[in-house]
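*Asks:* my questions are about this predicted structure, shown below with the sequence.
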Amino acid sequence: MAKIVILGAGVMGSAFSIPLTDNGHSVALVGTHLDGDIIEEVHESHVHPRLKSRLDDTVMPYTWDRLGEALEGADLVVQGVNSNGVIWAADRLGEVLSTNVPVLALTKGLHGDGERLSTLPELFRSHLPADMQNKVSLNAVGGPSIAGELAARRHTCVVLTGTDEARLKQFADWLRTPYYHIWTSTDFVGVEVAVAMKNVYALAVGLVIGLLEKEGEADNGAVMYNLSAAIYAQGLNEIAYMVNYMGGQQRSAYTLPGAGDLYVTAQGGRNCRMGRYLGLGMPYSEAKAKHMADITIEGAELAASIGPTVKNLINNGELDGQALPLLQTMIDIVRHDAPVEIPWDAFFA
């Protein structure tokens, strides 16, 4: 059996322990500097306070300052911090991680530096010590996976991606259960871009919740499924464009990492909650400050993070602005408090 260290005790990192312990693996759950209360509760009761699920009694909780101790004898590190914690995770692991221990990322997102876009695993790698950057094996998980469903052992389908097919097969063997279904892909860029971009388009689909609430059902009971479906379709179209632009394979856009993950993310959660406020007419800055100040909204975080870079790439002709009308709209809504105006005539160009 393998020893797995999960860095990040949030809902997804913690839920990820369940198929591992069901398969008899040893799991160390290491909280970040923000996870102290979670680690304390898991230590006391083995019940995760946010996941509302009991973790296996064999899961060993650690505070972040004991990361080096937790890593002793590790076969794999699962990086389960949120998108804002990637650099922190690289800094902490860079101090104690052996280069022969692979990393499997759960975190989704893209980074923009004004001139180019990069995946979060690239950002993570760039913040490791220089002598480690080309030695540590980076891999990732992508696809429609709601933490609560995984914790309840509901059927879940994901893709493991990396550059070493044999290593991916090994990870799949460690993780695969009757309810956790796994495929592998060496399209690392395509999978990572698709699962990142889906967040901003899930936020866009969430706009419809507020628009419907503001306008109300029609006299015949009609709602706005047509509207949300069109936004979904345009979002998928733009994901495919971005996957192609960044050098990935179209298959990743139209299978689990893109279409699947966008569908499940658009069903509810933080992106949809924020989308409702925006659809009701509330400016993003006001909605964030009043209603979701301490909550990470991955779609908005992505729009804010890559917005200036996307604008620069469009202005210099590297990105085709006509191919990304919905992305530009969402960037303006998040970064400039623009009103919700769907650019229908620019869709499906």
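*Replies:* Nice, I can see it. All figures in this text were calculated on a predicted structure; none of them were measured in a lab. Numbers count the residues shown, from 1 in each chain.

*Asks:* okay, CA-based contacts and neighbour counts for the rest of this
*Replies:* OK.

*Asks:* for the protein, what spans make up the strands?
*Replies:* Taking DSSP state E, the strands of the chain run over residues 3-7, 26-30, 47-48, 53-54, 60-62, 76-79, 103-105, 110-112, 117-119, 138-142, 156-161, 180-185.

*Asks:* so can I have a markdown table of the ones you listed showing mean neighbour count and distance to residue 256?
*Replies:* Below are the strands of the chain laid out as a markdown table (neighbours: other C-alpha atoms under 10 Å; distance: least, C-alpha to C-alpha, whole Å):
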| stretch | mean neighbour count | distance to residue 256 |
| --- | --- | --- |
| strand 3-7 | 25 | 23 |
| strand 26-30 | 24 | 27 |
| strand 47-48 | 20 | 27 |
| strand 53-54 | 16 | 26 |
| strand 60-62 | 22 | 31 |
| strand 76-79 | 23 | 20 |
| strand 103-105 | 23 | 17 |
| strand 110-112 | 21 | 18 |
| strand 117-119 | 18 | 18 |
| strand 138-142 | 25 | 7 |
| strand 156-161 | 22 | 7 |
| strand 180-185 | 17 | 10 |
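
*Asks:* a markdown table for these, including distance to residue 204 and mean pLDDT?
*Replies:* Listed next are the strands of the chain as a markdown table, based on distance: least, C-alpha to C-alpha, whole Å; pLDDT from 0 to 100:
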| stretch | distance to residue 204 | mean pLDDT |
| --- | --- | --- |
| strand 3-7 | 30 | 98 |
| strand 26-30 | 34 | 98 |
| strand 47-48 | 31 | 97 |
| strand 53-54 | 30 | 96 |
| strand 60-62 | 37 | 97 |
| strand 76-79 | 27 | 98 |
| strand 103-105 | 25 | 97 |
| strand 110-112 | 17 | 95 |
| strand 117-119 | 21 | 96 |
| strand 138-142 | 20 | 97 |
| strand 156-161 | 23 | 98 |
| strand 180-185 | 28 | 98 |
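
*Asks:* to residue 246, which of those strands lies closest?
*Replies:* strand 117-119 (8.1 Å; C-alpha to C-alpha).

*Asks:* does anything pack onto the closest one? Which helices or strands?
*Replies:* strand 110-112, helix 188-215 (3 or more C-alpha pairs under 8 Å, 6 or more residues apart in numbering; DSSP states H and E).

*Asks:* output these as TSV; include the columns distance to residue 272.
*Replies:* Output for those, formatted as TSV (distance: least, C-alpha to C-alpha, whole Å):
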stretch	distance to residue 272
strand 110-112	20
helix 188-215	4
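
*Asks:* deepest-packed of these, please.
*Replies:* helix 188-215 (a mean of 26; mean count of other C-alpha atoms under 10 Å).

*Asks:* give me the mean pLDDT for that one.
*Replies:* For helix 188-215, mean pLDDT rounds to 97.

*Asks:* which one of the helices and strands packed on strand 117-119 lies closest to residue 167?
*Replies:* Closest of these to residue 167 is helix 188-215, at 13.5 Å (criterion: C-alpha to C-alpha).

*Asks:* so the closest one versus strand 156-161, what angle?
*Replies:* With axes from the mean of the first three to the mean of the last three C-alpha atoms, to 10 degrees defining the directions, helix 188-215 sits at 140 degrees from strand 156-161.

*Asks:* what angle sits between helix 188-215 and strand 180-185?
*Replies:* 130 degrees.

*Asks:* among the helices and strands packed on strand 117-119, which comes closest to residue 12?
*Replies:* helix 188-215 (14.6 Å).

*Asks:* tell me how far the closest one lies from the chain's centre.
*Replies:* Chain-centre distance of helix 188-215: 12 Å, with C-alpha atoms, centre = their mean, to the nearest Å.

*Asks:* ok, the closest residue to residue 70 other than its chain neighbours to residue 75 distance?
*Replies:* Among residues not flanking residue 70 along the chain, residue 28 sits closest, at 6.3 Å (C-alpha to C-alpha, 6 or more residues apart in numbering). Separation of residue 28 from residue 75 (C-alpha to C-alpha, to the nearest Å) stands at 11 Å.

*Asks:* who touches residue 200 in this structure?
*Replies:* 271, 298-300, 302-303, 327, 330 (C-alpha atoms under 8 Å, 6 or more residues apart in numbering).
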